[in-house]
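Chemist: build me a model:
(chains A, B, C and D)
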There are 2 protein chains.
Amino acid sequence: MGNKTDRSGHPANQGTLAQDKGLTPKERLLQAGLELFDEEGFHAVGIDRILRRAGVAKMTLYKHFPSKQALIIAVLERKVEEYFEWLGGALAAPGLTPRSRLLAIFDAMSQWHGGPDFRGCLFLKASGEYPELDDPVHLVAVGQKHRSLELLTGLAAEAGASSPRLLAQRLLLLCEGSTSLAQVLGGSEAARQARDAAALLLRQMLPEPSDVPA
Amino acid sequence: MGNKTDRSGHPANQGTLAQDKGLTPKERLLQAGLELFDEEGFHAVGIDRILRRAGVAKMTLYKHFPSKQALIIAVLERKVEEYFEWLGGALAAPGLTPRSRLLAIFDAMSQWHGGPDFRGCLFLKASGEYPELDDPVHLVAVGQKHRSLELLTGLAAEAGASSPRLLAQRLLLLCEGSTSLAQVLGGSEAARQARDAAALLLRQMLPEPSDVPA
DNA sequence: TCGCAGATAGACAGGGCAGTCTATCTCCTC
DNA sequence: GAGGAGATAGACTGCCCTGTCTATCTGCGA
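Modeler: Below you'll find the predicted structure:
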């Protein structure tokens, strides 16, 4: 009953997986919301569109979620998990040193931005459509950025940075900058530029890369 | 009869200047649209809200703009001009060397992000709400980013960079990154971080700063 | 076989949306 | 004072929105 196994993490969910009748209605709603909100925006997409794509009745939606806002938040929270699963997967590739892991992030970004379904960072877009800093929707975006910073700080520490948080903040600037530029301009050029800039930062803020015996 | 003189460029238009009856109805519409789209988003704000804030009749709007989309584009195009006027002003401060001008950008960002009305980059938000790359609204955002890159490239060349475009691209990444993070997290911390990172980049990509005789 | 939980279609209310239209008013110019 | 351009209020169309409700259907466990 239902292959939840192929939850392909980040960019490419082949076709509209939202209609897979093996999935529960709730799963289909989350998937349809994810797709449509990303493709067209939160305010631009009405409940009925999501219901149609998910093949689910209106009452079923309101049995699982008290409101559209609750669905949006659930979609974003799931996307946070998927995002960090995907990123973690990219960083778990064998043969990566702590230092090269910091650069691998930008390779992952490049791949993401170049994908056919890339339409920018869903969290950034959510924060744009719900600009009040204390809006429950906005807060999910805040959480995602904080978690990104934590992840980078950990990696920077593993790589031996003398100021891991400082390095992480600078790398995050490059990450977010490349994703924003890619959202506007399209393509993965910005991510490649960001990788180069990051390499330059690492050369200054990390001890000599020559000592990589293991 | 109307002080169009105080079109204070970028961040702080005191109160709602959109109701200044000295301004023409068209001006008030553009101003009201600018304020409301920035505060709440493009799809979230209806025509009627704009009319009410501008104190203008519906027929007047449709006499000046054929559609809501046309108003949005006009608002964005005006904002492009205001933005570069404002930025140009900050870079025209006396005593700035070409090199320090590149850093002054980030001081300007910091000031902008810290202002009470800052709610992120309007162009980035427009590209998020109109994700299709060839959407007329999206295209205004594309133009603004290109123009930013041109501006930075010129400054980098003046500062003596051996690869002005490369330096400009990296600085733009930091700019956009800081504005995006500020949109999500609030505050101007990101811009200060970006300035530090930019200084580090300049140290590597610009000739020695000691030779600044003129 | 029965009963029930959960999903279904579809109508409905109340409001907001973009855009059109009419009829009135105001103010500037001649 | 007369004429006309442009702004005004507000009604109106037709559509879409979120959220509620009813009544029906399906499929699983006892």
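
Chemist: for chain A, which residues are neighbours of DNA strand D?
Modeler: A:45-49, A:58-59, A:62, A:67-69 (CB under 7 Å from any atom of the strand). C-beta: built from backbone N, CA, C; applies to glycine.

Chemist: tell me which two in those are the farthest apart.
Modeler: Pairwise distances across the residues of chain A next to DNA strand D (CB to CB) peak at 19.4 Å, for the pair A:Val45 and A:Met59.

Chemist: between these two, who's got more neighbours?
Modeler: Just comparing A:Val45 and A:Met59: by other CB atoms under 10 Å in any protein chain shown the higher neighbour count belongs to A:Val45, 21 against 9.

Chemist: mind checking what secondary structure that one has?
Modeler: Following DSSP: H, G, I helix; E, B strand; the rest coil, A:Val45 is assigned to coil.

Chemist: ok, A:Asp134 next?
Modeler: Once three-state DSSP is applied, A:Asp134 turns out coil.

Chemist: now A:Ala93
Modeler: A:Ala93 is classified as coil under three-state DSSP.

Chemist: then A:Pro66?
Modeler: Following three-state DSSP, A:Pro66 is assigned to coil.

Chemist: host element of the residue nearest the centre of chain A?
Modeler: Central residue of chain A (CA atoms, centre = their mean): A:Tyr83, 4.0 Å from the mean position. Using DSSP states H and E, A:Tyr83 maps to helix A:68-91.

Chemist: I'd like the next helix or strand past the one helix or strand A:Ala126 maps to.
Modeler: A:Ala126 belongs to helix A:122-129 when elements are defined using DSSP H and E. With elements assigned by DSSP H and E, the helix or strand that comes after helix A:122-129 is helix A:136-158.

Chemist: buried ones in that following helix?
Modeler: Within helix A:136-158, the residues that count as buried by 16 or more other CB atoms under 10 Å in any protein chain shown are A:137-142, A:144-145, A:148-149, A:151-153, A:155-157.

Chemist: before we move on, what about stretch A:60-72?
Modeler: Quick answer for stretch A:60-72 (16+ other CB under 10 Å): A:60-61, A:64-65, A:68, A:71-72.

Chemist: for stretch A:198-209, same thing?
Modeler: A:198, A:200-202, A:205-206.

Chemist: and that stretch, C-alpha only, in PDB?
Modeler: C-alpha atoms of stretch A:198-209 as PDB (Å, rounded to 0.1, in the frame of the first residue of the first chain):
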ATOM      1  CA  ALA A 198      33.800  30.400  -1.300                       C
ATOM      2  CA  ALA A 199      37.000  28.700  -2.300                       C
ATOM      3  CA  LEU A 200      38.700  32.000  -2.000                       C
ATOM      4  CA  LEU A 201      37.200  32.500   1.500                       C
ATOM      5  CA  LEU A 202      38.300  29.100   2.600                       C
ATOM      6  CA  ARG A 203      41.800  29.800   1.500                       C
ATOM      7  CA  GLN A 204      41.900  32.700   3.900                       C
ATOM      8  CA  MET A 205      39.800  31.400   6.800                       C
ATOM      9  CA  LEU A 206      40.900  27.800   7.000                       C
ATOM     10  CA  PRO A 207      44.300  26.300   7.900                       C
ATOM     11  CA  GLU A 208      46.500  25.000   5.100                       C
ATOM     12  CA  PRO A 209      44.600  22.500   3.000                       C
END
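
Chemist: that one and chain B in contact?
Modeler: Yes: using CB under 8 Å from any CB of the partner chain, stretch A:198-209 reaches chain B at A:200-201, A:204.

Chemist: list the contacts of that stretch.
Modeler: The contact list for stretch A:198-209 (CB atoms under 8 Å, 6 or more residues apart in numbering or on different chains) reads A:99, A:102-103, A:105-106, A:159-163, A:166-167, A:170-171, A:174, B:170, B:197, B:200-201, B:204.

Chemist: now that stretch, how far from the centre of its chain.
Modeler: Relative to its chain's centre, stretch A:198-209 lies at 25 Å (CA atoms, centre = their mean, to the nearest Å).

Chemist: and the residues of stretch A:198-209 next to chain B as CSV, adding pLDDT and secondary structure?
Modeler: Shown next, in CSV, are the residues of stretch A:198-209 next to chain B (pLDDT from 0 to 100; DSSP: H, G, I helix; E, B strand; the rest coil):
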residue, pLDDT, secondary structure
A:Leu200, 96, helix
A:Leu201, 96, helix
A:Gln204, 93, helix
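
Chemist: give the contact list for A:Glu40.
Modeler: So A:Glu40 contacts B:Pro131 (CB under 8 Å, 6+ apart).

Chemist: how close does it sit to A:Ala70?
Modeler: 19 Å (CB to CB, to the nearest Å).

Chemist: which parts of chain A sit against DNA strand C?
Modeler: Residues of chain A lying near DNA strand C (CB under 7 Å from any atom of the strand): A:24-26, A:55-60, A:63-64.

Chemist: in helices only, show me those residues.
Modeler: Among those, DSSP state H puts A:25-26, A:58-60, A:63-64 in helices.

Chemist: farthest-apart pair in the residues of chain A next to DNA strand C, please.
Modeler: The most widely separated members of these, counting by CB to CB, are A:Thr24 and A:Lys58 (16.5 Å).

Chemist: which of the two has more residues huddled nearby?
Modeler: More crowded of A:Thr24 and A:Lys58, by other CB under 10 Å: A:Thr24, with 15 against 11.

Chemist: in contact with the residue of chain A found nearest chain B, which residues?
Modeler: When scored by CB to the nearest CB, chain A has A:Gly177 as its residue closest to chain B, at 3.1 Å. Applying CB under 8 Å, 6+ apart, we find A:Gly177 in contact with A:190, A:194, B:172-178, B:180.
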